[in-house]
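[1] here is my input, please return the structure:
(2 chains)
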There are 2 protein chains.
Amino acid sequence: MPHAVVLELIGDKPPLYPAKYAHGLFFVLLSRVDPQLSTKLHEAPRKPFTLAPLTGRNGALLLRFTTLDDGLFGPFLRVLLEVAPEGLPLGDTPYRLARILATPEGHSMAGACSWEELKSAPRQREASFFFQSPTIFTTSKPGGRTRYTSLPDPRLIMSSLLDKWQAHSPYPYNPREEAALRELFELDLELAAFKNLRFHRIQAGKGFFPGFTGEVTLKLHSDSLEVQEAFGQLTTLAFYSGVGAKTPYGMGVARVQPFPQG
Amino acid sequence: MPHAVVLELIGDKPPLYPAKYAHGLFFVLLSRVDPQLSTKLHEAPRKPFTLAPLTGRNGALLLRFTTLDDGLFGPFLRVLLEVAPEGLPLGDTPYRLARILATPEGHSMAGACSWEELKSAPRQREASFFFQSPTIFTTSKPGGRTRYTSLPDPRLIMSSLLDKWQAHSPYPYNPREEAALRELFELDLELAAFKNLRFHRIQAGKGFFPGFTGEVTLKLHSDSLEVQEAFGQLTTLAFYSGVGAKTPYGMGVARVQPFPQG
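    Numbering: from 1, shown residues only, chains lettered A, B, ... in the order given. Sure, this is the predicted structure:
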């Protein structure tokens, strides 16, 4: 079941590179519980989790951890609670785990949703994305080129979510459905509006990457109920999967507000 | 020779729909000098001029007129001066022509540049676009769909300029060069940064259209001197041609700042 938890951590000083340290902490913890899984995940091109520091109040450090994989969520929480009394290392500083917020009541960016619930998410024709951390799309092009897109291109947003759904959902679309969705996202999706769009260049893993934050409204010009259903499912997934590339390094945190169907 | 002039107009009240009225005025003037040309232009899918109201000081109305076509610039200016004493009708109000600013010294958005100068514009690998009026790209898609993109997609910016160059320059790229440029703009262009990006929905001609304004820096990842040369030529053209669609209705006004070659 896709999960999003927010860890409230307390330390003597704010960490210099919270996203980087959080990534390190995650793998330290995971290697204690299952070294093989840790190595496998570390090398996986498509990671079934996201990790991002959130802005906390009163100097508390909030780390958001989401996963699309049950085999990861349970073990991770267990070892987190085991290690917490020793202090959780972020960089060279041990942090105290003050709280784990796992529900929307505890933190607006926490919650859980089964794949069955995602699958039966209501149909949508329009949705607003709030990109809370810098978001980027990676596109491989001929000749070994890797190009980055730091704009909320509707097609790239939805095809990134479709990629994540196909990689992790127990209910993937079949190849014919997947191809039809990609085509309709190319043809029938439009950016209806954007607000507070900002450009950032941030460290994520080994390098610095461009990305955008802000509010973006997508509109689907299609009467196909199947596409509207997929649009509803995939936009609901975004909260747990993140959007675009480098989501294990703090990028692509998004909240989505569906529009009431009229 | 591509020209950009700024007309300073003075009236009793600010016009309600300056872009729309300016468009009307232009065709009224043109039909007086050459009714056939006026009809031909009105029906042309790709118009060799742009018209946009600019923000003026002290309540003066500034209208910017650019053209890529010598056959249009001379006649238009002549009739403008002929009709000016009667007052220029914008909507139902006659405006007095106070000044014609035709050089960068008169107004930063005025100037002229021969096609030969454009052709020998210095090579560039990076340039910043200042989109001063809402800018939009129209893309025709299969099944009679017309879709609008209101984001500064680097490929759409440069292919729009290439379209305009090919339609109006006496030195078009040959088909092989054109195809190579389109491919390299697809593969090797990246958005290096953006600033103050805002979304608008404005009236342009018969409908309302979405568009963006703001500052956008494009970077070319290509060592090909031909592409860098074309990038320099096309980014210089942008000042006169505008960028994207609906440029005769006030959209797509852009100023470009090249980066010094390092």
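[2] residue numbers of the stretch 101-250 of chain A in contact with chain B?
    A:141-143, A:145, A:147-153, A:186-188, A:190-195, A:197-199, A:201, A:210, A:212, A:221 (C-beta under 8 Å from any C-beta of the partner chain). Backbone N, C-alpha and C define where each C-beta goes, glycine included.
[3] would you mind checking the residues you listed for buried ones?
    If you count burial by 16 or more other C-beta atoms under 10 Å in any protein chain shown, the buried members of these come out as A:147-153, A:187-188, A:190-192, A:194, A:197, A:199, A:210, A:212.
[4] and the pLDDT for the closest residue to A:L68 other than its chain neighbours?
    Nearest residue to A:L68, sequence neighbours excluded (C-beta to C-beta, 6 or more residues apart in numbering or on different chains): A:H168, at 4.0 Å. What the model reports as pLDDT for A:H168 is 93.
[5] rewinding a little: if you look at the residues of the stretch 101-250 of chain A next to chain B, which of them are in helices?
    Judged by DSSP state H, helices contain the following of these: A:186-188.
[6] check contacts around A:S150.
    Shown in contact with A:S150 (C-beta atoms under 8 Å, 6 or more residues apart in numbering or on different chains): A:134-137, A:199, A:210-212, B:191, B:194.
[7] can we see that at 10 Å?
    A:134-137, A:199-201, A:209-212, A:244, B:190-194 (C-beta atoms under 10 Å, 6 or more residues apart in numbering or on different chains).
[8] which residues in chain A form strands?
    All strands of chain A, identified by DSSP state E, fall at A:3-10, A:49-54, A:61-67, A:88-90, A:93-101, A:111-112, A:126-135, A:137-141, A:145-149, A:189-204, A:207-220, A:254-258.
[9] dump the ones you listed into JSON lines; add mean pLDDT as well.
    Converted to JSON lines, those look like this (pLDDT from 0 to 100):
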{"stretch": "strand A:3-10", "mean pLDDT": "94"}
{"stretch": "strand A:49-54", "mean pLDDT": "92"}
{"stretch": "strand A:61-67", "mean pLDDT": "94"}
{"stretch": "strand A:88-90", "mean pLDDT": "88"}
{"stretch": "strand A:93-101", "mean pLDDT": "91"}
{"stretch": "strand A:111-112", "mean pLDDT": "96"}
{"stretch": "strand A:126-135", "mean pLDDT": "97"}
{"stretch": "strand A:137-141", "mean pLDDT": "86"}
{"stretch": "strand A:145-149", "mean pLDDT": "89"}
{"stretch": "strand A:189-204", "mean pLDDT": "95"}
{"stretch": "strand A:207-220", "mean pLDDT": "96"}
{"stretch": "strand A:254-258", "mean pLDDT": "91"}
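[10] out of the ones you listed, which comes closest to B:Q36?
    strand A:189-204 (38.2 Å; C-beta to C-beta).
[11] give the pairing partners of the closest one; include direction for each.
    strand A:207-220 (antiparallel) (DSSP bridges).
[12] give the buried residues for the strand it pairs with.
    Under 16+ other C-beta under 10 Å, the buried positions of strand A:207-220 are A:209-220.
[13] can you redo the residues you listed as TSV with distance to B:P85?
    Shown next, in TSV, are the buried residues of strand A:207-220 (distance: C-beta to C-beta, whole Å):
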residue	distance to B:P85
A:F209	60
A:P210	54
A:G211	56
A:F212	52
A:T213	54
A:G214	50
A:E215	51
A:V216	51
A:T217	50
A:L218	53
A:K219	50
A:L220	55
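[14] for the stretch 1-150 of chain A, which residue gets nearest to chain B?
    Residue nearest to chain B within the stretch 1-150 of chain A: A:K141 (5.0 Å; C-beta to the nearest C-beta).
[15] could you single out the nearest of the buried residues of strand A:207-220 to A:V6?
    The closest of these, once distances to A:V6 are taken by C-beta to C-beta, is A:T213, at 18.5 Å.
[16] the closest one: what's it in contact with?
    Here A:T213 is in contact with A:130-135, A:152, A:196-200, A:251, A:253-254 (criterion: C-beta under 10 Å, 6+ apart).
[17] so among those, which ones count as buried?
    Buried among the contacts of A:T213 by 16+ other C-beta under 10 Å: A:130-135, A:152, A:197, A:199-200, A:251, A:253-254.
[18] what about stretch A:103-116, start to end distance?
    Using C-alpha to C-alpha, to the nearest Å, one end of stretch A:103-116 lies 18 Å from the other.
[19] gap between that stretch and the chain center?
    Distance of stretch A:103-116 from the chain centroid (C-alpha atoms, centre = their mean, to the nearest Å) equals 13 Å.
[20] what does stretch A:197-206 give?
    Taking C-alpha atoms, centre = their mean, one finds the center of stretch A:197-206 at 15 Å from the center of the full chain.
[21] equivalent analysis for stretch A:105-122, please.
    The chain centroid and the centroid of stretch A:105-122 are separated by 13 Å, computed with C-alpha atoms, centre = their mean.
[22] first-to-last residue distance for it?
    Stretch A:105-122 end-to-end distance (C-alpha to C-alpha) = 22 Å.
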